[in-house]
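**Student:** Please find the sequence and the predicted model below.
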Protein chains: 2
Amino acid sequence: MKCSVDLEAREIEELYINIDPIQAGGRLTIDAMKAIIAYGDGYSVCDNCRKPFRLDYIKKPPVDAFHRDLAHFLHMDVARVVAGARRGFQTVTGTYVQNGDPVLLTSLSHYTEFLSVEAQGGIPLEIPKNSDNLITGDATAEKIETVTREYGRSPSLVFIDHFDYQYGNEHAVRDVIRVAHQYDSMVLYNGAYTVGILPVDGKGLEADFVVGSGHKSMAAPAPSGVLATTHEHATEVFRTTRAKGDTTNRTFGIKEIEMMGCTLMGVTLVGMMASFPSVKERVKHWERELANARIVVDALRSIEGTKILSEYPRKHTLTRVDTSQSFDLVAQKHKKRGFFFTSALRDRGIVGLIPGATKVWKFNTYGLTRRQVEYLVKVFRDIARENAIPISG
Amino acid sequence: MKCSVDLEAREIEELYINIDPIQAGGRLTIDAMKAIIAYGDGYSVCDNCRKPFRLDYIKKPPVDAFHRDLAHFLHMDVARVVAGARRGFQTVTGTYVQNGDPVLLTSLSHYTEFLSVEAQGGIPLEIPKNSDNLITGDATAEKIETVTREYGRSPSLVFIDHFDYQYGNEHAVRDVIRVAHQYDSMVLYNGAYTVGILPVDGKGLEADFVVGSGHKSMAAPAPSGVLATTHEHATEVFRTTRAKGDTTNRTFGIKEIEMMGCTLMGVTLVGMMASFPSVKERVKHWERELANARIVVDALRSIEGTKILSEYPRKHTLTRVDTSQSFDLVAQKHKKRGFFFTSALRDRGIVGLIPGATKVWKFNTYGLTRRQVEYLVKVFRDIARENAIPISG
């Protein structure tokens, strides 16, 4: 089926069970699907943009109320929608990071955090993970001490991913924030894998900034995301323009510099808005999602030679697995070689792994029904059984 | 009709003729509408993202070919999709503008150009417009001379809007670029009102950078846009990360710093892609669009007291009108006051003016059929006639 001459329609979510690690939380809700059809045109949310001509003041559709609801949802004071979590990072580094400034992130940080620091000429430095692939308060304190000695000042900013993208491990956010504050470092809580899928209490954690991703975890189209902060920091990160035309004497009202004025002027924003009631509801059912993830993880563990590289028991639906001593042993002799596994999965309606993956791979069960989870478990076991890999239990 | 609890469906384009000045070129094509339905989910274009894991390398859907086509379409060497024209400006200022640097833009520049300079600590300075509201090469030379005297160096960067957002006037882009290059200033051609609606020849103009807006002029969802440049500048503005984890020794491949890695990961990009064949075709028919605009402008001029503030004859479909001596005189005595005019238009199926506008307002006829244009003309004249404003001709 084609959308246009060169563009095949995407049918992954209709035809398959998709366990892609980054796509699970960004599948649209039915309401979002309806909204993007209604608001597909370019500047679709701007029909009723009136003075002071800023996105978060638009009343119809209720963009203004949505901004307030978003801040409230994250237990922060002020929120802005941004074109992806990375643009939230950039807003914060653009405000606080100067050339040569040390900035902490972690050994499990996403590359976009590095880029946001590098773009400002800052020096990104990693808090080491421990042998369990976890970031701790102690490691944070130690790194801040080292950095302070070396740079003559403590880092102004520390990034901490509540759950990282590599293992889906939960890190000691509360400890990291407490420690960072002791050294007067601000903390950006990266909720790319939390905001929109589990409850996040920014103020409760004493986070200075909370960043979320619309397309990763808020059932929204890309690029979309949220940056929330406190009243105090809001005057800095959301500072308004002071530019004045030297010839015309024009000024530009209350446009926010780091936002480049308005951010999501159409379909991305309404997608977030339309999904939001469901998103608010779904974060209450994280335990159900975890239960599903654990069923799949336990099934994988029962396949001899398979190791769960993520922390166990799982606290997230994103999991990293090592099957180099199970499915990869099969791959070495199979006529399809490394492709036997993903091909067997696809034949059974499961997609989302990189084709040919048989050694270390990630998957995410977020949003699957129990029935889909049971089917997934059956498929993993069936493929093992057919290839003579012993199954315990 | 509702999309979700709090979200009314938008029906403007279905129920009305919309002459909003900024929305005309961003209405989706049918193909784009189909594409956004198929690719609504968050990371929808990433199903087949393989090494080196960068948006512009994805082959299915053909994102890689689209990037090449975009560059070719603009007669430039390299193109990247960005989250709106403003993010294109920011990429260029982020690369070349340092704190305290003078940067030229014009007295008719869009506020986002100012913000992109201000965000880097640059000093935005306006090339004056002449009495016809046009930016000339001479004015550019004069301003560069003044700035060079004052700052001890010529501006590294000059922004020029081919057509400005205030009048839709055509400025002497070729002259401005030639002059700027004589002073070793690079030039960013702002094609927010050209790229996607009329032919743009970046190399022919000797532009260093060409920026376009997806949601303004390329029949694409927001936020979307394009930044194109030469091979020479591409190595600078699209420079790749050199960050390295100090603890893990990780590096991050060929992710581009100013892009923050990938930019449009889903619906916005496929919207641009699906509309692109129509967009390539429609720029060939700009004369037809201009003919339509001129019919409406001439009709407005025939209404006594009405002045066209934009250059005349019109070279763009976006026009600024002064009706303070025609419709506004009616407003002063009408029971609906200032709202009589936009209300009369709406009753006849015309929307896109700010409610209550009777003095100075803008409209855009881009994309209207000849029949819609003739209807629009009839409506303007009927409203004049009913309110006893004389019509000539």
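**Tutor:** Happy to help now that I have it. Source: prediction; values computed, not measured.
**Student:** so who does A:Phe327 touch?
**Tutor:** Contact analysis of A:Phe327 by Cβ atoms under 8 Å, 6 or more residues apart in numbering or on different chains lists A:303, A:306, A:341, A:358, A:383-384, A:387, A:389. In short, each C-beta sits where N, CA and C put it, glycine included.
**Student:** now, which of those lie within strands?
**Tutor:** Per DSSP state E, strands hold no members of the contacts of A:Phe327.
**Student:** Just the C-alphas of stretch A:141-160, formatted as CSV.
**Tutor:** Below are the C-alpha coordinates for stretch A:141-160, written out as CSV (Å, rounded to 0.1, in the frame of the first residue of the first chain):
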residue,chain,number,x,y,z
ALA,A,141,29.9,12.7,44.8
GLU,A,142,33.3,11.2,43.9
LYS,A,143,33.1,12.5,40.3
ILE,A,144,32.0,16.0,41.4
GLU,A,145,35.0,16.0,43.8
THR,A,146,37.4,15.0,41.0
VAL,A,147,36.0,17.5,38.5
THR,A,148,36.0,20.3,41.0
ARG,A,149,39.7,19.7,41.7
GLU,A,150,40.5,19.6,38.1
TYR,A,151,38.4,22.5,36.9
GLY,A,152,38.5,24.7,39.9
ARG,A,153,34.7,24.7,40.1
SER,A,154,32.0,22.3,40.5
PRO,A,155,29.9,21.4,37.4
SER,A,156,27.0,23.8,37.0
LEU,A,157,24.8,21.0,35.6
VAL,A,158,24.4,17.3,36.1
PHE,A,159,22.3,15.1,33.8
ILE,A,160,20.7,11.9,35.3
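**Student:** In helices, which of the contacts of A:Phe327 appear?
**Tutor:** A:341, A:383-384 (DSSP state H).
**Student:** from these, which is closest to B:Glu374?
**Tutor:** A:Phe341 (63.8 Å; Cβ to Cβ).
**Student:** Touching, the closest one and A:Val330? I think so.
**Tutor:** Yes - between A:Phe341 and A:Val330 there is a contact under Cβ atoms under 8 Å: 7.4 Å.
**Student:** So the two - more neighbours on which side?
**Tutor:** A:Phe341 (27 against 22; other Cβ atoms under 10 Å in any protein chain shown).
**Student:** Tell me who's in contact with that one.
**Tutor:** A:323, A:327, A:330-331, A:353, A:357-358, A:383.
**Student:** Out of the residues you listed, who's the most crowded?
**Tutor:** For these, neighbours tallied by other Cβ under 10 Å; top is A:Phe327, 28 neighbours.
**Student:** Work out the gap between stretch A:172-183 and the centre of the chain.
**Tutor:** Relative to the chain's own centre, stretch A:172-183 is displaced by 21 Å; criterion: Cα atoms, centre = their mean, to the nearest Å.
**Student:** typo on my end, stretch A:319-333
**Tutor:** 27 Å.
**Student:** Could you list the buried residues of that stretch?
**Tutor:** A:319-323, A:326-331 (16 or more other Cβ atoms under 10 Å in any protein chain shown).
**Student:** For it, measure first residue to last.
**Tutor:** 27 Å (Cα to Cα, to the nearest Å).
**Student:** for the record, mean pLDDT for it?
**Tutor:** What stretch A:319-333 shows for mean pLDDT is 98.
**Student:** same question, stretch A:55-74
**Tutor:** Across stretch A:55-74, the per-residue pLDDT values average to 98.
**Student:** Which parts of the stretch 201-350 of chain A are helices?
**Tutor:** A:202-205, A:214-217, A:231-237, A:267-282, A:286-301, A:327-331, A:339-347 (DSSP state H, counting those that start in this stretch).
**Student:** Nearest residue to the residue with the largest distance to the centre of chain A in space, please, no chain neighbours.
**Tutor:** Each residue of chain A has a distance to the centre, and by Cα atoms, centre = their mean the biggest one is for A:Thr247: 44.3 Å. Spatial nearest neighbour of A:Thr247, chain neighbours left out: B:Glu126 (3.9 Å); criterion: Cβ to Cβ, 6 or more residues apart in numbering or on different chains.
**Student:** now A:Lys60
**Tutor:** A:Lys60 sits nearest to A:Asn48 (Cβ to Cβ, 6+ apart), 4.4 Å away.
**Student:** Surely the one you found is in contact with A:Leu55?
**Tutor:** No - look at A:Asn48 against A:Leu55 with Cβ under 8 Å: they stay out of range, at 11.8 Å.
**Student:** can you give me the strands for chain A?
**Tutor:** A:2-4, A:7-8, A:17-18, A:78-82, A:102-106, A:123-127, A:157-161, A:186-190, A:209-213, A:225-229, A:307-308, A:318-322, A:350-351, A:360-364.
**Student:** what does the stretch 251-393 of chain A put close to chain B?
**Tutor:** A:252, A:255, A:257-258, A:260-261, A:263-271, A:273-274, A:277, A:351, A:354 (Cβ under 8 Å from any Cβ of the partner chain).
**Student:** Buried only: go through these for me.
**Tutor:** Neighbour counting by 16+ other Cβ under 10 Å classes A:252, A:255, A:257-258, A:260-261, A:263-271, A:273-274, A:277, A:351 among those as buried.
**Student:** burial count for A:Arg50?
**Tutor:** A:Arg50 has 12 nearby residues by other Cβ under 10 Å.
**Student:** where do the contact lists of A:Phe341 and A:Val330 overlap?
**Tutor:** Common neighbours of A:Phe341 and A:Val330 (Cβ under 8 Å, 6+ apart) are A:Thr358.
**Student:** hang on, the earlier thing: quick one: closest of the strands of chain A to B:Ile197.
**Tutor:** Of all those, strand A:2-4 comes closest under Cβ to Cβ, at 18.9 Å.
**Student:** Centre of the chain to the closest one, how far?
**Tutor:** Counting by Cα atoms, centre = their mean, strand A:2-4 comes out at 30 Å from the chain centroid.
**Student:** cool, stretch A:54-65 as well?
**Tutor:** With Cα atoms, centre = their mean, you get 25 Å for stretch A:54-65.
**Student:** which other residues reach that stretch?
**Tutor:** The contact list for stretch A:54-65, computed with Cβ under 8 Å, 6+ apart, reads A:39, A:45-50, A:67, A:80-81, A:253-256, A:261-265, A:269-270, A:273, B:6-8, B:10.
**Student:** for the nearest residue to A:Ala141 once chain neighbours are set aside, what are its contacts?
**Tutor:** In space, and not counting its chain neighbours, A:Ala141 is closest to A:Val179: 4.7 Å by Cβ to Cβ, 6+ apart. By Cβ under 8 Å, 6+ apart, the contact set of A:Val179 is A:137-138, A:140-141, A:144.
**Student:** Just give me the closest of the buried residues of stretch A:319-333 to A:Gly168.
**Tutor:** A:Thr319 (5.7 Å).
**Student:** list the contacts for the closest one?
**Tutor:** A:167-168, A:293, A:296-297, A:308, A:310, A:362-365.
**Student:** Tell me the bridge partners for it.
**Tutor:** A:Phe363 (DSSP bridges).
**Student:** circling back: compare A:Asn48 and A:Leu55 (neighbour count), which wins?
**Tutor:** A:Leu55 (22 against 12).
**Student:** Buried deepest among the helices of the stretch 201-350 of chain A, which one?
**Tutor:** Sort those by mean neighbour count, taking mean count of other Cβ atoms under 10 Å in any protein chain shown, and helix A:214-217 sits at the top with a mean of 30.
**Student:** Contacts for that helix, please.
**Tutor:** Residues outside helix A:214-217 that contact it (Cβ under 8 Å, 6+ apart) are A:22, A:25-26, A:81, A:84-85, A:191-197, A:220-226, A:268, A:271-272, B:42-43, B:265-266.
**Student:** Go again with 7 Å.
**Tutor:** Under the contact criterion Cβ atoms under 7 Å, 6 or more residues apart in numbering or on different chains, helix A:214-217 has outside partners A:22, A:25-26, A:84, A:192-197, A:220-225, A:268, A:272, B:42-43, B:265-266.
**Student:** rewinding a little: so can I have CSV of the helices of the stretch 201-350 of chain A showing distance to A:Asn99?
**Tutor:** Shown next, in CSV, are the helices of the stretch 201-350 of chain A (distance: least, Cβ to Cβ, whole Å):
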stretch, distance to A:Asn99
helix A:202-205, 29
helix A:214-217, 30
helix A:231-237, 18
helix A:267-282, 32
helix A:286-301, 41
helix A:327-331, 46
helix A:339-347, 45
